[in-house]
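S.K.: Sequence and predicted structure, then a few things I'm wondering about:
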Amino acid sequence: MDRFTISLDEKLATAFDQLIKERGYATRSEAVRDILRSHLQVREEKHNAKGLCVANLSYVYNHHERELSERLTSIQHAHHDLTVSAMHAHLDHDQCIETVLLKGPVTRVRVLADEIIAERGVRHGQINLVSVKRGEPHSHGGTPHRHLKPQH
């Protein structure tokens with residue numbers, strides 16, 4: 001493991017220590033590693049649009065909006081090869097939240113997410129995307145297969 005030292009002014013160090021406490025990190029080092037992973041992930045997404053990803057798309061919508069539920073379901077069905085799972089929950093009498101797990105090529109997953117978020121009546125749409133690569137082929141006693149592994 002490589003070690004390095006950084007210097008922070010008092011105000012930044014205090015804010016960083018508060019972040020560490022709020023998020024429950026055991027050490028400053030683990031917090032720095034997590035921040036670096038996050039920034040490297042963003043960089044990877046910008047430079048490797050042809051790669052693979054797993055993603056969590058969440059959005060809130062009014063289920064009384066004319067035919068919106070049907071349109072959202074149709075979009076997911078049109079991209080069934082990217083859609084792994086969907087969860088639907090009722091927030092109140094009118095508002096619902098859906099979380100859709102996706103996996104596939106980064107560009108196609110982003111296009112699908114943008115299409116859903118852009119639907120009239122969808123509010124608070126957000127995607128959390130993680131770049132992945134295919135692991136080495138292996139078997140658990142059955143058919144050889146590959147798992148997806150996060151890039152960083």
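M.R.: It's in.
S.K.: Now do the same contact list for the residue nearest the centre of the chain.
M.R.: The centre of the chain sits closest to Asn128, judged by Cα atoms, centre = their mean, with a distance of 2.2 Å. Applying Cβ atoms under 8 Å, 6 or more residues apart in numbering to Asn128 gives the contacts Ala55, Asn56, Ser58. No exception for glycine: its C-beta is placed from N, CA and C like everyone else's.
S.K.: That one pairs with what?
M.R.: Beta-bridge pairing for Asn128 (DSSP bridges): Asn56.
S.K.: I'd like to know which elements the top helix by length along the chain is packed against.
M.R.: Longest helix of the chain, by residue count under DSSP state H: helix 28-47. Here helix 28-47 touches helix 10-23, strand 122-134, going by 3 or more Cβ pairs under 8 Å, 6 or more residues apart in numbering; DSSP states H and E.
S.K.: ok so, going back, so which of the contacts of Asn128 is the most crowded?
M.R.: Counting neighbours by other Cβ atoms under 10 Å, Ala55 leads the contacts of Asn128 with 22 neighbours.
S.K.: Surely it touches Lys103?
M.R.: Yes: here Ala55 reaches Lys103: they are 7.2 Å apart, a contact under Cβ atoms under 8 Å.
S.K.: joint contacts of the two?
M.R.: In contact with both Ala55 and Lys103: Val109, using Cβ under 8 Å, 6+ apart.
S.K.: sorry, back to before: ranking the helices and strands packed on helix 28-47 by burial, who's on top?
M.R.: strand 122-134 (a mean of 15; mean count of other Cβ atoms under 10 Å).
S.K.: Run the angle between that one and helix 28-47 for me.
M.R.: 90 degrees (axes from the mean of the first three to the mean of the last three Cα atoms, to 10 degrees).
S.K.: pLDDT on strand 122-134, on average?
M.R.: Mean pLDDT, computed over strand 122-134, is 89.
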